[in-house]
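Engineer: Starting from these lines, generate the structure:
(2 chains)
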Protein chains: 2
Amino acid sequence: MSELPAKVDIREVSLRDGLQIEQPIPLSAKLELLEAVVATGVREVEATAFVSPSKVPALADAAELAAELARFDQVEFSALVASPNGAKRAIAAELRSIEYVVSAADGHSRANVGRSSAEATAVIPDIVAIAHDSGATVEVIIATAWDCPFDGPTPPQRVLDIVDAATGFGVDRLAIADTIGTATPRRVSDLVAQVRPRIADLPLGAHFHNTRGAGLASAYAAVQAGITRLDASVGGLGGCPFAPGASGNIATEDLVYLLRDSGIDTDVDLQAAIAAAVVARAVVGHDLPSALLRAGDRITG
Amino acid sequence: MSELPAKVDIREVSLRDGLQIEQPIPLSAKLELLEAVVATGVREVEATAFVSPSKVPALADAAELAAELARFDQVEFSALVASPNGAKRAIAAELRSIEYVVSAADGHSRANVGRSSAEATAVIPDIVAIAHDSGATVEVIIATAWDCPFDGPTPPQRVLDIVDAATGFGVDRLAIADTIGTATPRRVSDLVAQVRPRIADLPLGAHFHNTRGAGLASAYAAVQAGITRLDASVGGLGGCPFAPGASGNIATEDLVYLLRDSGIDTDVDLQAAIAAAVVARAVVGHDLPSALLRAGDRITG
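Structural biologist: Numbers count the residues shown, from 1 in each chain, chains lettered A, B, ... in the order given. Now for the predicted structure:
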């Protein structure tokens, strides 16, 4: 197992992916969660999304939240966008790291942004131009990289086509996302093995949900396959675990526990991540699926 | 990833490990669960334990349950014992597959059976004699193989010493058990790599709990390391997921989902396993931690 990396960078997505399907919470509660998240030592935080406030009311305060970020100067903040207009709003709010989502499956792409996958891909150059003109970076996140809730399994070639297009358009980073939590380790290994040779040294991340229990197993498979950037949310925030089909991101604290005991460093302190999960549970007002939140660390002797 | 096996044998432990900390349920309810478990196609079922009825009241009906097993003739039933007397009771009840637990850590061993690990190991020959005299087999399950709730991390040498003793005493199978749900993939790979060279062709199984979210990741790591026998329980039965520190076994349906999508066959039908998890939830009367029980299969196209 000597191929494991010494370090994995975690991006904390509780503020965006974690909160987006929750009932809107006050900005003050978000800042409380943000303080706790930053206290974990994590270096990258997905802060919000500049998307339609009517479609995602929980993130309607994106600009207000962005105005609060400057004081956390040890953290790189990113924001998700779904259109050039969103990118302009993010840049205006002084975000310097833009995530642009392209669904590999047409069914999800149309449901999510009203465009086909090819149409969404064709917009990448506009996003890149807006970001680069302001000195910001662009990460293209390829959603439904394994399965689509409407179209079924995603042919890997659809992912590879977006990878090739995005690299050709000069994006700064890529990620592959298991949007509906169906990926399993072997399928992750297989897709990563197909993507990596095409992107040279471009940073490649992965994003998993624990909907079918395999989120951590998939994340570990991704790391074994050479991925060193993973998204996670404290508490496993991101959808009520008791609603059929809905589920949260992999929990930051569960991921950090697994990586630590695999000899892999993150910048995240485990006890601080559990403490942040306690804050997350309080601000959303319901239980969260994190395992460590219930069981705590093992006796490490 | 060509080293993955074509087949993994699952042993269904919901009737024993799953029920042992539950409030006792009627024999009729156990038989309803057993019918559902057998209907999944699984070939091995841990039916009960012949241990102290006062310590494990939920399994006090071991002999009565054993008397009902003969009609399920396509399944190999096993029973757990903690002493020669338990082995005699199991044999008298016509069980032909005996599991004897030895804790690698003294703290857990004393709490569990009132003996040190070495004392429990020394009893193996008595168990083997009782079983083999009746044509039954013995599996030694090494508990707390990674961590003990009292002693902290278990030095691997303690596990290897029991492995060596058990093979010397002529046991028929071995298993390593993550009793308190603390194992992670790298630690699993490391221990399996140390155990396998010492046991020639003796079957080796592994047993995981999902207490810290890494149960499936650990199970997959075990399979990658050459393990082809895994314990699991429908629904992830085995401890209330909402009690601090307690947690169930890895869920059969979650495991089958992960293995199926990794190209690994089991004898278990996924929909039947989910149906059995529904029965398990009904007979214990509370929610269970299984992911598939909530989310169902993916769209397999």
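Engineer: Now the closest residue to residue A:227 other than its chain neighbours: phi and psi?
Structural biologist: Leaving aside its chain neighbours, residue A:227 sits nearest to residue A:206 (4.9 Å; criterion: Cβ to Cβ, 6 or more residues apart in numbering or on different chains). Where C-beta positions appear, they are placed from N, C-alpha and C, glycine not excepted. When quoted as degrees, to the nearest 10, the phi and psi of residue A:206 stand at phi -140, psi 150.
Engineer: Contacts only, for residue A:206.
Structural biologist: Counting by Cβ atoms under 8 Å, 6 or more residues apart in numbering or on different chains, residue A:206 touches A:175-178, A:188, A:192, A:218-219, A:222, A:227, A:229-231.
Engineer: looking at the sheet around it, what are its partners?
Structural biologist: Bridge pairing for residue A:206 (DSSP bridges) gives the partners residue A:176, residue A:230.
Engineer: Distance check, it against residue A:5.
Structural biologist: Taking Cβ to Cβ, to the nearest Å as the measure, residue A:206 falls 13 Å from residue A:5.
Engineer: now residue A:162
Structural biologist: Computed as Cβ to Cβ, the residue A:162 to residue A:5 distance reads 25 Å.
Engineer: Between the two, tell me which one has more neighbours.
Structural biologist: Ranked by neighbour count (other Cβ atoms under 10 Å in any protein chain shown), residue A:162 and residue A:5 place residue A:162 first, with 25 against 16.
Engineer: Would you agree that one is in contact with residue A:122?
Structural biologist: No: using Cβ atoms under 8 Å, residue A:162 is not in contact with residue A:122; the gap is 10.8 Å.
Engineer: Skipping adjacent residues, who's closest to residue A:13 in space?
Structural biologist: Spatial nearest neighbour of residue A:13, excluding adjacent residues (Cβ to Cβ, 6+ apart): residue A:46 at 4.4 Å.
Engineer: where exactly do the helices run in the stretch 151-300 of chain A?
Structural biologist: Secondary structure of the stretch 151-300 of chain A, counting by DSSP state H, counting those that start in this stretch: helices at A:156-168, A:185-195, A:215-224, A:252-260, A:270-284, A:292-295.
Engineer: which residues does residue A:11 bridge with?
Structural biologist: With DSSP bridges as the rule, residue A:11 is bridged to residue A:44, residue A:231.
Engineer: Can you identify each of the strands in the stretch 1-150 of chain A by residue range?
Structural biologist: For the stretch 1-150 of chain A, the strands defined by DSSP state E, counting those that start in this stretch occupy A:9-12, A:44-50, A:76-81, A:97-103, A:137-143, A:147-148.
Engineer: partners of the fourth one in the sheet?
Structural biologist: Strands that pair with strand A:97-103, judged by DSSP bridges, come out as strand A:76-81 (parallel), strand A:137-143 (parallel).
Engineer: any chance of the helices of the stretch 151-300 of chain A in CSV, with mean pLDDT too?
Structural biologist: Formatted as CSV, the helices of the stretch 151-300 of chain A follow (pLDDT from 0 to 100):
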stretch, mean pLDDT
helix A:156-168, 98
helix A:185-195, 98
helix A:215-224, 98
helix A:252-260, 98
helix A:270-284, 98
helix A:292-295, 94
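Engineer: need these in a markdown table with distance to chain B, can you?
Structural biologist: Formatted as a markdown table, the helices of the stretch 151-300 of chain A follow (distance: least, Cβ to the nearest Cβ, whole Å):
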| stretch | distance to chain B |
| --- | --- |
| helix A:156-168 | 13 |
| helix A:185-195 | 4 |
| helix A:215-224 | 4 |
| helix A:252-260 | 4 |
| helix A:270-284 | 11 |
| helix A:292-295 | 5 |
